[in-house]
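[1] I would like the atomic coordinates for the input below:
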Amino acid sequence: MSGERRIRQLPPEVAARIAAGEVIERPVSVVRELLDNAIDAGAKRIRVTIVEGGLRSIEVSDDGRGIPPDQIEVAFERHATSKIAGAGDLGRVETLGFRGEALGAIVAAAEVEIVTRAEEEPVGVAALLVDREVVRRSARAAPVGTTITVRELFARVPARRNFLGSAASEGRQITTLVSHYALAYPGIAFRLEAGRRPFQTSGDGNLRHAVAAVYGAEQGEAMLEVKHEEGDIGVAGLTGPPSLHRGNRTGIALFVNGRWVQSAALRFAVSDAYQSELPGGRYPVASVALTLPAEAVDVNVHPAKAEVRFRDQRGVARVLRHAILNALEGAAPVEWTLGAGATAPESAGESPRPSLRERLQPPEGSAAQPAFGGDLGRATDDSAGGRQTQRETLPLLRVVGQVAATYIVAEGPDGMYLIDQHAAHERVVFDRLKANTGREEGVQPLLEPVLVELDRTATAVFEEHGSHLTRLGLTLEPFGDAACLVRAAPAGFGDGDIAGGLRAMLEKLGNERRVADPFDRAAASVACHSSVRAGMALSLEEIRQLVEDLGATASPRTCPHGRPTLVHVRQDTLARQFGR
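    Numbering: from 1, shown residues only. Predicted coordinates:
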């Protein structure tokens, strides 16, 4: 065996950095581990402060029991913990942390400063750790508790740092994490300082108040109480009425013995309880905690401790589904009306909803677009937003009709075209928005501003993309810590429901990953919520206008998100299907 290939023992510092990468993947991993330690230490108040999404610095401060002076160095060693003593304890873990890896992994990946004071000590201790070594230590006046500051995460591991997202993206993940901890522990006062407007909860123990802090007061008031027990499984929390739903499952927050978990089986159980209550593709909002005997759950199955394994997963899912069904059946019937503080589509606060024909017509003063081209041009997309090296065209199409109030049927030179009316109108509106960027064409000032409450994730998305949305004609102003005022919107935005449209758009914008350019991403989200919807019956004249407008766009075959706008069934394919 050559010398270059000889097996050798890695130096301790290299092994430590490799191990750190398994535990600490990104800034949110640091925050999660420090929150776990704070909660295990009995904290009642926890403050998280991040700079540049946690890339520059993360500080977590708590009023827990603190660390005795003679245990500070030990606390930062690998596999050092006070929470378990032997292998047998792994079968009945009752704390959030238990591996003893968190602090050791963090100090291997960053510079760490700790200020801590144990309950029985008259003064605190401050220590600075670099490369897993204490380089400075001194006595310091401090309240009981611990403050840990992590600076320049992965500065010494540039390969890992290169794989991190933007500061805004990393910050959103931390916001989501802290929000879920606030839902899991309503008796702890959380405060997150990550920008201009901090997020905080009262810590009064009322879950409804925590939900209001995360999702907004309206949602907090509307939630239904969940309380159910079967055998040794307890279920408690809040779940939304059928009128409260989202386009994805991110609104379902599930906790097992105080731990936020990602469980497809449990999320499905919650969604399944709403099966006959919600339209297809919509999901409920819920914050539900399950309590089980510690030995019935294995929490040591995922590096991030985000997944657990149940001794009887089907049984747990069945109990959870029963709990949600009981909450829905015990609630008074919920009418599909506007919530308190919402504005009706044709109230004085909004311009009247434009007719469909008005929404399909280009605004006055906009540049005239050519009609259809002849042959299909070849094109190369640089992004789903539609930057082209050569303009794409459609053949001349004859409109035949509409199917299921969702798809347009048209005939072309070589067969049949099925057009998704929503995706097609998205493309038309997207191109129009970009062409009119910074101009007033197609923008409707509201007679009175509309107040919209936002949850923490939506607030972070609003702060990140606010300037882009303004350029697109959506004039928003911050209002307090978790709300904004809408003063103007593109024609047809939100289908007349400005508040609902804005919340849905910010939710979609926060989850959008297919469009790379931030401005195009914002434009695509605005276009989505300003377009005709599936299930909307169109007149023949409106269909023809939409098809004509689609043919005049730069990328008529894809919507701004990259999905197809049409399907072409060739004439010979039809002939084969009928045996001709």
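[2] separation between the closest residue to Lys434 other than its chain neighbours and Tyr283?
    Among residues not flanking Lys434 along the chain, Ala523 sits closest, at 5.8 Å (CB to CB, 6 or more residues apart in numbering). Just so you know, the C-beta spots here come from the backbone N, C-alpha and C atoms, and that holds for glycine as well. Separation of Ala523 from Tyr283 (CB to CB, to the nearest Å) stands at 26 Å.
[3] so for those two, which sits in the more crowded spot?
    The residue with more neighbours, out of Ala523 and Tyr283, is Ala523; 25 against 19, by other CB atoms under 10 Å.
[4] doesn't that one lie inside a helix?
    Yes. Counting by DSSP: H, G, I helix; E, B strand; the rest coil, Ala523 is located in a helix.
[5] adjacent strands (with direction) for the longest strand belonging to the chain?
    For the chain, the strand with the greatest residue count under DSSP state E is strand 443-453. Using DSSP bridges, the strands paired with strand 443-453 are strand 483-490 (antiparallel).
[6] could you export the partner strand as PDB, CA atoms only?
    Provided in PDB are the C-alpha atoms of strand 483-490 (Å, rounded to 0.1, in the frame of the first residue of the first chain):
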ATOM      1  CA  ALA A 483     -49.400  43.500  10.300                       C
ATOM      2  CA  CYS A 484     -49.300  45.700   7.200                       C
ATOM      3  CA  LEU A 485     -51.500  48.200   5.400                       C
ATOM      4  CA  VAL A 486     -52.300  47.600   1.700                       C
ATOM      5  CA  ARG A 487     -52.800  51.000  -0.100                       C
ATOM      6  CA  ALA A 488     -52.700  49.800  -3.700                       C
ATOM      7  CA  ALA A 489     -52.800  46.500  -5.600                       C
ATOM      8  CA  PRO A 490     -52.600  45.200  -9.200                       C
END
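[7] centre of the chain to that strand, how far?
    Computed by CA atoms, centre = their mean, to the nearest Å, the chain-centroid distance of strand 483-490 equals 21 Å.
[8] can you check stretch 115-129 too?
    Worked out by CA atoms, centre = their mean, stretch 115-129 lies 37 Å from the chain centre.
[9] okay, and the helix or strand of this protein with the least pLDDT?
    Of all helical and strand segments in the chain, the minimum by mean pLDDT, DSSP states H and E falls on helix 356-360, at a mean of 45.
[10] downstream of that one, the next helix or strand is which one?
    As assigned by DSSP states H and E, the chain's next helix or strand after helix 356-360 is strand 398-403.
[11] tell me the buried residues in that following strand?
    399, 402 (16 or more other CB atoms under 10 Å).
[12] what does stretch 463-470 give?
    In stretch 463-470, counting by 16+ other CB under 10 Å, buried: 463-466, 468-469.
[13] closest one of these to Ala210?
    Within the buried residues of stretch 463-470, proximity to Ala210 (CB to CB) peaks at Glu463, which comes in at 21.6 Å.
[14] now name the helix or strand holding that closest one.
    If you go by DSSP H and E, Glu463 is part of helix 456-471.
[15] try Phe190
    Residue-wise, Phe190 maps onto strand 189-193 under DSSP H and E.
[16] residues making contact with that strand?
    By CB atoms under 8 Å, 6 or more residues apart in numbering, the residues outside strand 189-193 that reach it are 44-50, 174-175, 178, 181-182, 198-203, 456.
[17] ditto for stretch 217-226
    208-209, 211-213, 235-241, 243-244, 285-288, 323-324, 326-328, 330-331, 339-342, 453, 455.
[18] how far does that stretch sit from its chain's centre?
    On the basis of CA atoms, centre = their mean, stretch 217-226 sits 20 Å off its chain's mean C-alpha point.
[19] just stretch 533-543 next, same as before
    32 Å.
[20] check which residues of it are buried.
    For stretch 533-543, burial by neighbour count (16+ other CB under 10 Å) applies to 536, 538, 542-543.
[21] between the residues you listed, which is nearest Cys528?
    Minimum distance to Cys528 across these is 14.2 Å, recorded for Met536 (CB to CB).
[22] what's the distance between that closest one and Arg398?
    Computed with CB to CB, the distance linking Met536 and Arg398 is 22 Å.
[23] hang on, the earlier thing: quick one, the strand holding Phe190 and helix 456-471 angle?
    Strand 189-193 and helix 456-471 are oriented at 30 degrees to each other (axes from the mean of the first three to the mean of the last three CA atoms, to 10 degrees).
[24] list the strands paired with strand 189-193, with their directions.
    So strand 189-193, judged by DSSP bridges, has these partners: strand 45-51 (parallel), strand 199-200 (antiparallel).
[25] lowest-confidence stretch among those strands?
    Per-stretch mean pLDDT for the strands paired with strand 189-193 is lowest at strand 199-200 (a mean of 92).
[26] next secondary structure after that one?
    Next element after strand 199-200 (DSSP H and E): helix 207-215.
[27] nearest residue to Ser169 other than its sequence neighbours?
    Spatial nearest neighbour of Ser169, excluding adjacent residues (CB to CB, 6+ apart): Gly53 at 7.0 Å.
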